[in-house]
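>>> need coordinates for the following:
(chains A and B)
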Amino acid sequence: MRAIDTIAGKAYPLGRPNIDTDVIIPAHHLKTITREGLGQFAFETLRAEPGNVFDDPAYAGAPILIAGDNYGCGSSREHAAWAMADMGLQAVIAPSFSDIHAGNAFKNGILTVVLPQDQVDRLLEVAKDQPITIDLENQTVTTPYQDRFTFEIDPFRKDCLLRGLDEIGITLAMDDAIAAHEAKMQRDTPWIEGAARAA
Amino acid sequence: MASTPAPRTLYQKIFDAHVVEQRDDGTALLYIDRHLVHEVTSPQAFDGLAAAGRRVRRPDLTLAVPDHNIPTTARADARGHRLPVADPQSAAQLDALRRNAPAFGIELIDDLAAEQGIVHVVGPEQGFTLPGTTVVCGDSHTASHGALGALGFGIGTSEVEHVLATQTLLLKRSKSLEVRVDGRLGPGVTPKDVALAIVARLTAAGGAGYVAEYTGSVFRDMSIEGRLTVCNMSIEAGARAGLVAPDDKTFAYLKDKPRSPKGADWDRAVAYWRTLASDPGAVYDKVVTIDAATIAPLVTWGTSPDDVVAITGIVPDPAALDDPARRAAAEKSLAYMGLTAGQRMQDVTVDRIFIGSCTNSRIEDLRAAAAVARGRHVAEGVKQALVVPGSGLVKRQAEAEGLDRIFLEAGFEWREPGCSMCLAMNPDKVPAGERCASTSNRNFVGRQGPGSRTHLLSPAMAAAAAVTGKLTDVREFA
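Sure, this is the predicted structure:
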């Protein structure tokens, strides 16, 4: 995973609530067996709408997306995060995110920033013609108009993003603790592993 | 944890029992007891393992089943040889699972096996899902498994890779939500209607950050299959998992399943499972109560699963919504759905019927649909009416009961098990502009195919729509 600290640039002012992962990447594009190349299909159904923000040259190549409530709801498909990363998105700002999608975004180095609706509304206004800056270290979102909003982030996720850490590598280093749990499971709840395979 | 005398919810009990290590930053490394793998969200995870030279830590706790993009037409010729899958990309994903499962020592229930089906139907049916276990799958409808008192939740592909490599996940605790439904359900009101009523009440975002526990007389009285339908749609309200405390019905359901514990293990397991109820006095972070008597047979009108209205109702007017963003979303939904505010739901004609999906493809669902279809016929204007059993075992059971004959004589198609028309990843799709009465779980834009229009409803209501050609109040068939 690549490390991120500050993300600055244009932002797609989408602002719509309940953007589900079927909208981010429709199922007919999930048949790939690699992670690459999905950016061209991202937000396909929204791109069919005239005047959509994704095809507006003013926002071409924007690293930030500003959306409404419940961004990334629905299917757990990580293809949505792959498609977003592939189109160059590094951060999404919204009043709330689906739990699964926020995790998928994080795993792909995309920062999800939760801000109250009124601050998101302000950023949607500013983003129409001005850039936005997200500072992960200081947990702030700022604009050229001196807006300065602070956001919360899980400390573990922040650390991983800042350092670009491989989470599997971190967990594999905890092998002793995992093995200890497995020993406890064999002793206290032996049926859990005993029954997994058909008799 | 053990030193905490405070009463705990069912969710807290299962979570606590699986903590490998609690971290200072509030996250916990959680042990995963059961991992279901399918063909769509696993290829990149296996590639990641191979690239890093990693193995699967517990192949014995992992089970692979293809379901999302396998065709639901005949899979073998008369001599039992596998027929080719026409779509080369689907074929590549199915082949990847067929290659990866044995390469990593994982058991595969492949397309020609009688036990194959939708992962969320197969897990409970095989007794692979057990009360008090943690169950994950790269699929958001893993919430289904909560019906057996298991903590089941969907994960992304990076997490699939993490579980394969470590049998754990790093997670933050969710908040707890009690959804209590007491009273008696009215005639024609099914578990699907209860699920839709809950989603409507919570909204599509209302459960985000929570694990739901379903309590009250309605769930105590509900069958395991009904509970599976309700827990399945937890994610449609944003809740990553939904739970029902295991009870005698759960134990009766699991007894003698192929993978459920046997002999002394069974007795020990049941004794433990009986401890898996929320303690009296356990505090939930949020409580929602619904009176069962207020739930009517329901149907969706829009492109979000919380766009729910009684079948006797009308298409709502977006102008009545205060929030401008929601009003704009509702207007776009109606335009996409080709509906106008004030239109009677019962006047909406449908082109296709889909009875299936991990929400409603079990034997009780098929019985309910067949009871309406029996002796009737699919209406003239309906182009296709599909019945897709959730697994080969469901299909076999239905055929033993003669349900296939009822459907075929009524003009329905009787198919092989799979996800089918729920998500347009296989040949079963709803063409652009066409309208489908569907027992699946999502009415998102393009969900059943680009430009498709979906109305979610119960199996009996789907069968009623098939025979009348329009959305219909199933109570008229009583």
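>>> check the secondary structure at the residue nearest the centre of chain A for me.
Taking Cα atoms, centre = their mean as the criterion, A:Ala105 is the residue nearest the geometric centre of chain A, at 2.6 Å. Here A:Ala105 is recorded as helix under DSSP: H, G, I helix; E, B strand; the rest coil.
>>> do B:Ala398 as well
B:Ala398 is classified as helix under three-state DSSP.
>>> what number of residues lie near it?
Counted with other Cβ atoms under 10 Å in any protein chain shown, residues neighbouring B:Ala398 total 23. Where you see a C-beta, it was placed from the backbone N, CA and C, and this is true even at glycine.
>>> would you mind measuring from it to A:Ala83?
B:Ala398 sits 38 Å away from A:Ala83, going by Cβ to Cβ, to the nearest Å.
>>> how about B:Ser458?
Taking Cβ to Cβ, one finds B:Ser458 at 34 Å from A:Ala83.
>>> quick one: which of these two has more around it?
The residue with more neighbours, out of B:Ser458 and A:Ala83, is B:Ser458; 30 against 27, by other Cβ under 10 Å.
>>> quick one: the more buried one and B:Ala195 touch, right?
No. Counting by Cβ atoms under 8 Å, B:Ser458 does not reach B:Ala195; the two are 9.2 Å apart.
>>> what's A:Phe151 in contact with, if anything?
Counting by Cβ atoms under 8 Å, 6 or more residues apart in numbering or on different chains, A:Phe151 makes contact with A:113-115, A:139-141.
>>> can you flag the buried ones in those residues?
A:113-115, A:140-141 (16 or more other Cβ atoms under 10 Å in any protein chain shown).
>>> and those residues, which is closest to chain B?
A:Val114 (10.6 Å; Cβ to the nearest Cβ).
>>> ok, that closest one touching A:Ser96?
Yes. The pair A:Val114 / A:Ser96 is scored as a contact, 6.4 Å apart, by Cβ under 8 Å.
>>> show me what contacts B:Val136?
B:32, B:34-36, B:142, B:152-155, B:159-160, B:163, B:169.
>>> and it, which of the three is it?
strand.
>>> report the beta-bridge partners for it.
B:His35, B:Phe153 (DSSP bridges).
>>> list the buried residues in stretch A:25-36.
A:25-33, A:35.
>>> got the end-to-end distance for it?
In stretch A:25-36, first residue to last residue: 13 Å (Cα to Cα, to the nearest Å).
>>> also stretch B:185-198?
So stretch B:185-198: terminal residues 14 Å apart, Cα to Cα.
>>> same question for stretch A:117-137.
With Cα to Cα as the measure, stretch A:117-137 spans 23 Å from end to end.
>>> show me what counts as buried in the worst-scoring helix or strand of chain B on mean pLDDT.
The weakest-scoring helix or strand in chain B, judged by mean pLDDT, DSSP states H and E, is helix B:324-337 (a mean of 93). By 16+ other Cβ under 10 Å, the buried positions in helix B:324-337 come out as B:325-326, B:328-330, B:332-334, B:336-337.
>>> next, count neighbours for B:Val199.
B:Val199: 28 neighbours (other Cβ under 10 Å).
>>> could you report the neighbour count for whichever residue of the stretch 301-450 of chain B sits closest to chain A?
Proximity of the stretch 301-450 of chain B to chain A (Cβ to the nearest Cβ) peaks at B:Phe444, 4.2 Å away. Other residues within reach of B:Phe444 by the criterion other Cβ under 10 Å amount to 25.
>>> same check on B:Val56?
24.
>>> now it, what are its backbone angles?
When read as degrees, to the nearest 10, the backbone of B:Val56 gives phi -80, psi 120.
>>> which residues touch it?
B:49, B:62, B:104-106, B:164-165.
>>> thinking again about what came up before, same list, the buried residues of helix B:324-337, but only the ones touching chain A.
Contacts with chain A are made by B:325-326, B:328-329 out of the buried residues of helix B:324-337, judged by Cβ under 8 Å from any Cβ of the partner chain.
>>> out of these, who's nearest B:Gly207?
B:Arg326 (17.5 Å; Cβ to Cβ).
>>> so the closest one sits right up against A:Pro17, yeah?
Yes. Counting by Cβ under 8 Å, B:Arg326 touches A:Pro17, with 6.6 Å between them.
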